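1. Fold the following, please.
(2 chains)
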Amino acid sequence: EAGVVQSPRYKIIEKKQPVAFWCNPISGHNTLYWYRQNLGQGPELLIRYENEEAVDDSQLPKDRFSAERLKGVDSTLKIQPAELGDSAVYLCASSRQGVAGTEAFFGQGTRLTVV
Amino acid sequence: GNSVTQMEGPVTLSEEAFLTINCTYTATGYPSLFWYVQYPGEGLQLLLKATKADDKGSNKGFEATYRKETTSFHLEKGSVQVSDSAVYFCALTNSNSGYALNFGKGTSLLVTP
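-> Numbering: from 1, shown residues only, chains lettered A, B, ... in the order given. Next up, the predicted model:
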């Protein structure tokens, strides 16, 4: 089966510009996650979707970040405007459903550099 | 809240050496525990997991045992290979996090010939 697909792989933008990341999860996976991974750190959850509903967005900086998951499949994460501190790798993951022991499958990530 | 603490890296070992990467956690209830690995240029992938106390997860020669009494899930391998060079992340999920993964900071492993 195809894995989680993210695009673009790399993005370089100037500060104050907008940027968007796209994620296509594994077919049949109801749960979708966006994580941010800073250099030398573990991934940190930004938002979790169950189907098309954002059930946990408590860690999403809502002043500049937004996300959507239309029709409960693909998802887009947007930053507007970007700041220097947003430079990181943005990871998308999906799983069948949120229960104990469920494995999450990760995409290769989008490496964002804000200059 | 949930938290995961891993030993600091980088860890450098010679081929065929014994590997231990320590991991301890703080969580309520009965979390599930995971080790994910990130090979150079690749995405995160599950290495092994354990869902209840005293369970042992194993894969590719790696093992980790869920120790509730010490809140630990240490990763071990008896004989590492150059191809094991990667970053290893300990993580947990529980109902508090909606079963989203809480990761440690990662431990970089370099195995030399």
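2. what's around the residue nearest to A:G28 when sequence neighbours are not counted, how many residues?
-> Leaving aside its chain neighbours, A:G28 sits nearest to A:R96 (6.9 Å; criterion: CB to CB, 6 or more residues apart in numbering or on different chains). Any C-beta I mention is one placed from the backbone N, CA and C, and that applies to glycine too. By other CB atoms under 10 Å in any protein chain shown, 14 other residues sit near A:R96.
3. residue contacts, A:R96?
-> Remark: with contacts taken as CB atoms under 8 Å, 6 or more residues apart in numbering or on different chains, A:R96 is in contact with A:28-31, A:102.
4. okay, those residues in TSV with secondary structure, neighbour count and pLDDT next?
-> Shown next, in TSV, are these (DSSP: H, G, I helix; E, B strand; the rest coil; neighbours: other CB atoms under 10 Å in any protein chain shown; pLDDT from 0 to 100):
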residue	secondary structure	neighbour count	pLDDT
A:G28	coil	8	91
A:H29	coil	18	93
A:N30	coil	16	92
A:T31	strand	22	94
A:T102	coil	17	87
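5. Most proximal residue of chain A with respect to chain B?
-> Ranking the residues of chain A by distance to chain B (CB to the nearest CB) places A:G42 first, at 3.2 Å.
6. could you say which helix or strand contains that residue?
-> Under the criterion DSSP states H and E, no helix or strand holds A:G42.
7. Now for B:Y88: which residues touch it?
-> Applying CB under 8 Å, 6+ apart, the residues contacting B:Y88 are B:6, B:21, B:35-38, B:47, B:75, B:106-109.
8. so which of those residues would you say is closest to chain A?
-> Nearest member of the contacts of B:Y88 to chain A, counting by CB to the nearest CB, is B:G106, at 5.3 Å.
9. Tell me how many other residues surround the closest residue to B:V11 other than its chain neighbours.
-> Using CB to CB, 6+ apart and skipping the chain neighbours, the partner closest in space to B:V11 is B:L109 (5.0 Å). When neighbours are counted by other CB under 10 Å, B:L109 registers 21.
10. distance of B:L109 from A:W22?
-> Look at B:L109 and A:W22: by CB to CB, to the nearest Å, they are 32 Å apart.
11. same check, this time on A:G109
-> 12 Å.
12. Kindly report the same for B:V111.
-> Counting by CB to CB - B:V111 and A:W22 are separated by 35 Å.
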